[in-house]
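Asker: next one to model:
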Amino acid sequence: MTLLRRVMALPDPQFSTPRVLGVDDFAIRRGQTYSTVLTSVEDHRVVDVLPTREAGPLATWLIRHPGVEIICRDRAGAYAEGARRGAPDALQVADRFHLWQGIGRAVETCVASHRDCLRNPSPSGLSAEATGEAAGRPQDDPEPIGRRAERKKAAHALVHELLAQGHSRRAIARHLGRGLNTVPRYARAATWQDTLRENRPRPSRLDPYKPHLERRFAAGCTNVTRLHRELLADNAPVTYQMVRACSATLRTTPPDAPPLRRRCGR
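Answerer: Model (predicted):
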């Protein structure tokens, strides 16, 4: 206890504002309580811990600690908004872990959604029908699925079983230790395969205003700030980041492309 008192009596170390700031969340209680950890990417040390993973605390911290040139963060929209408000001149980049995680999920989701197109090669000299009969199963039986798909299949079946027993979604989430958004997603999915198709475009607050942006681009107005101000004047609940992402997509989309192919950012 004496040693602990001595250590706790020491003053907190004073760190200078890092040039490259790492921003990521961590779970205090998984699925319920999260905080934000700020790190110095160049020195590999923790700089500060924020109580939530919302945009406000991050923006306030950046305003109080000017000098951050690069913000290395995950893909959370709240962090993007907080970084833009607190350090508008800083360059926002994705860290290596989340880049690999994102591409891994995209590849796995794409492959899983096209599993019906994949079949094991037949031994030479045997037809696919003979191979299926030799294996003791019909030809159209699905092949073994991956571990992630197996987990989702089991979770989907368990959620629907508990719903059939009359349990509420909140009670199921508490019982399984899952997030409040995860259980409704499984409940809405008719089949477990639907939970794998996570690369479908999600609705965005910008969706009702995308035709307006397309018309303005066609008329020659490509200034993001001006387009954002026009939408704000129309009481549109959109952010500058949304308009900028959509504008970047419109710049790279051929003018004669059909509207359904134009996928603006969230």
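Asker: hey, what's residue 33 bridged with?
Answerer: With DSSP bridges as the criterion, residue 33 is bridged to residue 29.
Asker: pLDDT weak spots in the stretch 151-266 of the chain?
Answerer: Residues of the stretch 151-266 of the chain that meet the criterion pLDDT under 70 lie in 196-202, 253-266.
Asker: in it, which spans are helices?
Answerer: Taking DSSP state H, counting those that start in this stretch as the criterion, the stretch 151-266 of the chain carries its helices at 169-176, 182-188, 210-218, 224-233, 240-251.
Asker: other SSEs contacting the second one?
Answerer: With contacts defined as 3 or more Cβ pairs under 8 Å, 6 or more residues apart in numbering; DSSP states H and E, the secondary structure elements packing on helix 182-188 are helix 147-164, helix 169-176. Using the backbone N, CA and C atoms, a C-beta is placed for each residue, glycine as well.
Asker: per-domain residue ranges of the protein.
Answerer: Taking automatic domain parsing as the reference, the chain has its domains at 16-94, 148-200, 207-261.
Asker: tell me the most buried of these?
Answerer: Ranked by mean neighbour count under mean count of other Cβ atoms under 10 Å, those are led by domain 16-94, which reaches a mean of 16.
Asker: what does the average pLDDT come to for that domain?
Answerer: Mean per-residue pLDDT for domain 16-94: 87.
Asker: return the distance of that domain from the chain's centre.
Answerer: Relative to its parent chain, domain 16-94 has a centroid offset of 16 Å by Cα atoms, centre = their mean, to the nearest Å.
Asker: my guess is residue 51 contacts residue 57. True?
Answerer: Yes - applying Cβ atoms under 8 Å, one finds residue 51 in contact with residue 57, separated by 6.5 Å.
Asker: how about the helices of the stretch 151-266 of the chain in CSV, adding distance to residue 22?
Answerer: Output for the helices of the stretch 151-266 of the chain, formatted as CSV (distance: least, Cβ to Cβ, whole Å):
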stretch, distance to residue 22
helix 169-176, 30
helix 182-188, 26
helix 210-218, 33
helix 224-233, 27
helix 240-251, 20
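Asker: right, and those helices - which one's nearest residue 38?
Answerer: Each of the helices of the stretch 151-266 of the chain has some distance to residue 38 by Cβ to Cβ; the shortest is helix 240-251, at 20.4 Å.
Asker: what packs against that closest one?
Answerer: With contacts taken as 3+ Cβ pairs under 8 Å, 6+ apart, helix 240-251 sits against helix 77-86, helix 210-218, helix 224-233.
Asker: residue 49: helix or strand, and which one exactly?
Answerer: Secondary-structure assignment from DSSP states H and E places residue 49 in strand 45-50.
Asker: ok, residues contacting that strand?
Answerer: Residues outside strand 45-50 that contact it (Cβ atoms under 8 Å, 6 or more residues apart in numbering): 15, 18, 21, 35, 36, 37, 38, 39, 40, 57, 58, 61.
Asker: now, the residues you listed that are in strands?
Answerer: Of those, the ones assigned to strands by DSSP state E are 21, 35, 36, 37, 38, 39, 40.
Asker: which residues in the stretch 1-150 of the chain form helices?
Answerer: So, for the stretch 1-150 of the chain - with DSSP H, counting those that start in this stretch - the helices run 2-9, 55-64, 77-86, 96-113, 128-134, 147-164.
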